[in-house]
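1. need coordinates for the following:
(one chain, ligands or ions: 2)
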Amino acid sequence: MQLIIPSISNLPQAAQAIIEHAANNRIFLFYGDMGAGKTTLIKQLCKALGTADNITSPTFSIVNEYHAAKDKIYHFDFYRLKDQTEALDMGYEEYFYAGAYCFIEWPEKIPDLLPAHYSNISIQVLDDGSRQVNVENI
Ligand SMILES: Nc1ncnc2c1ncn2[C@@H]1O[C@H](COP(=O)(O)OP(=O)(O)OP(=O)(O)O)[C@@H](O)[C@H]1O
Ligand SMILES: [Mg+2]
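-> Ligands and ions are numbered 1, 2, ... in the order given. Next up is the predicted model:
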């Protein structure tokens, strides 16, 4: 599925479509350059799932945990990871395989630890500033 998101105001609708497209997938990998809009989209996805928590980039903590009505949400940012063993050390498996929603920024940093199934989200900034988002279930 491909979406064009012209501006921030179109994000709620896009988030809903992405969650529906993912069906039973609960793990989402976000690819895109710095500033492409990964964190911004994750915020909307969390809102769409019904969390009232404040969503901030977990740059220093690697993972943030949020709560929605029925679901737990783990939000990862692996940008600062120096080595995949750091993900092993922080117990990534307990999060990935807990049945919770996992939103993962910079999955490029953990190429050997990716789960078998996930929704692959790639974000590109177009010339006019709109975002092209491709969603593929793997
Ligand atoms: N769909 C959109 N339309 C217009 N602007 C957007 C959109 N999505 C995000 N932005 C803007 O892009 C900027 C960067 O977004 P964000 O922090 O989400 O990027 P990121 O991909 O998470 O970057 P990083 O790799 O540094 O974590 C923000 O100022 C945000 O308002
Ligand atoms: Mg980010």
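2. quote the end-to-end distance of stretch 68-82.
-> Using Cα to Cα, to the nearest Å, the end-to-end distance of stretch 68-82 comes to 31 Å.
3. any idea how far it is from the chain center?
-> How far stretch 68-82 lies from its chain's middle: 8 Å, per Cα atoms, centre = their mean, to the nearest Å.
4. buried residues, it. List them.
-> Buried residues in stretch 68-82, counted by 16 or more other Cβ atoms under 10 Å: 68, 72-78, 81. Yep, even glycine has a C-beta here, placed from its N, CA and C like the rest.
5. can you dump the C-alpha coordinates of stretch 128-138 into PDB?
-> Written as PDB, here are the backbone C-alpha positions of stretch 128-138 (Å, rounded to 0.1, in the frame of the first residue of the first chain):
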ATOM      1  CA  ASP A 128       6.900  19.500  -2.100                       C
ATOM      2  CA  GLY A 129       7.400  18.400   1.500                       C
ATOM      3  CA  SER A 130       4.700  15.800   1.500                       C
ATOM      4  CA  ARG A 131       5.500  12.300   2.700                       C
ATOM      5  CA  GLN A 132       5.300   9.200   0.500                       C
ATOM      6  CA  VAL A 133       4.700   6.200   2.800                       C
ATOM      7  CA  ASN A 134       5.000   2.600   1.600                       C
ATOM      8  CA  VAL A 135       3.600  -0.100   3.800                       C
ATOM      9  CA  GLU A 136       4.300  -3.800   3.200                       C
ATOM     10  CA  ASN A 137       3.500  -6.800   5.300                       C
ATOM     11  CA  ILE A 138       6.500  -9.200   5.500                       C
END
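6. for residue 136, what are its contacts?
-> 1, 119-120 (Cβ atoms under 8 Å, 6 or more residues apart in numbering).
7. fine by me, thanks again.
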